[in-house]
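K.L.:
test case, fold it:
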Amino acid sequence: MKNIIKLFIISLILLTFSSCYNYKSFYLLQENRSLPVYEKQEFSDYRLRVNDELVYRLISSDETISKLISPQTSGSSSQNMISYRIYTDGTIDLPFISRIKVEGLTINEASVAIENRLKELIPDAIVKLSLSNKTFTIFGDAGSGIFPIYKEKLTIFQALAMSGDFNDASDRKHIRIIRETDEGTQILEFDIRPKSIIESKYYYIYPNDIIYIRREFSSFYKVNSYSSLLSVITFSMSLLFSVLNYTK
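P.N.:
Presented below is the predicted three-dimensional model:
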């Protein structure tokens, strides 16, 4: 009987050390030597892809032509303007000009290309482009939904804050971003805890990114706080002594 009690106590001690989340699992921006170190990578502008939708606006001293070429349904925001999809051949079809290739260009480069084409008809033409489908998706153990990219350099931390941040059981060591590139679909996996994540290739979120946060495999037997663990231990001890008294 004493051996059973000793075994039970040892098991509870081991459970105490392994069942609670520690600060190293939670804290971000750590400078712990055991964590990965990521190289800095300069931010690069998003390059247009097939099926992207562009909102197009022409500015000219001739208001009649401007309204004819870039009409608005109501108001003046980009949400009320007509969007144009990039075809599978990488071109876009705009009023009064033949198809022009924009796939692979940045927004600014595409604006200049379209503006140069329009200046053959309208010498003072100024073109303003914006991306209509400027969103990212997040799902898993840190909320889920489709959210707008409201600024040019949206960070992974800002993206997670928009979805509601991590849960206690979220796996911070294996964050995944699914990203469409010219080389095909990439899956970027990284640990978000080290400070070196800042300005690395994992730091910024691009249009159409999908962020996946999985649940820690070990979270099944972990508790959120030591008070919860104490309750589990107290209940276990009470159950053990009840069984021992019953067997006597």
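K.L.:
the residue positioned nearest the centre of the chain: what secondary structure?
P.N.:
With distances taken as CA atoms, centre = their mean, residue 211 lies nearest the centre of the chain, 4.3 Å away. Three-state assignment for residue 211 (DSSP: H, G, I helix; E, B strand; the rest coil): strand.
K.L.:
gap between it and residue 190?
P.N.:
11 Å (CB to CB, to the nearest Å). C-beta here means a position set from N, CA and C on the backbone, and glycine is covered the same way.
K.L.:
cool, residue 144 as well?
P.N.:
From residue 144 to residue 190 the distance is 20 Å (CB to CB).
K.L.:
if you count what's nearby, which of those two comes out ahead?
P.N.:
The neighbour count for residue 144 versus residue 190, taken as other CB atoms under 10 Å, is higher for residue 190 (20 against 14).
K.L.:
doesn't residue 203 make contact with that one?
P.N.:
No: using CB atoms under 8 Å, residue 190 is not in contact with residue 203; the gap is 9.5 Å.
K.L.:
overlap in contacts, the two.
P.N.:
Common contacts of residue 190 and residue 203 (CB atoms under 8 Å, 6 or more residues apart in numbering): residue 197.
K.L.:
which residues touch residue 131?
P.N.:
46, 48, 52, 53, 54, 55, 107, 207.
K.L.:
beta partners for it?
P.N.:
residue 54 (DSSP bridges).
K.L.:
tell me the contacts of residue 174?
P.N.:
189, 191, 214.
K.L.:
cutoff 6 Å now
P.N.:
residue 189 (CB atoms under 6 Å, 6 or more residues apart in numbering).
K.L.:
also the one 5 residues further on?
P.N.:
Residues counted as contacts of residue 179 (CB under 6 Å, 6+ apart) are 186, 209.
K.L.:
what bridges to it?
P.N.:
residue 186.
K.L.:
which segments of the chain make up each domain?
P.N.:
23-45+134-220, 53-131 (automatic domain parsing).
K.L.:
now those domains in JSON lines, with mean pLDDT?
P.N.:
Putting the domains of the chain into JSON lines (pLDDT from 0 to 100) gives the following:
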{"stretch": "domain 23-45+134-220", "mean pLDDT": "90"}
{"stretch": "domain 53-131", "mean pLDDT": "83"}
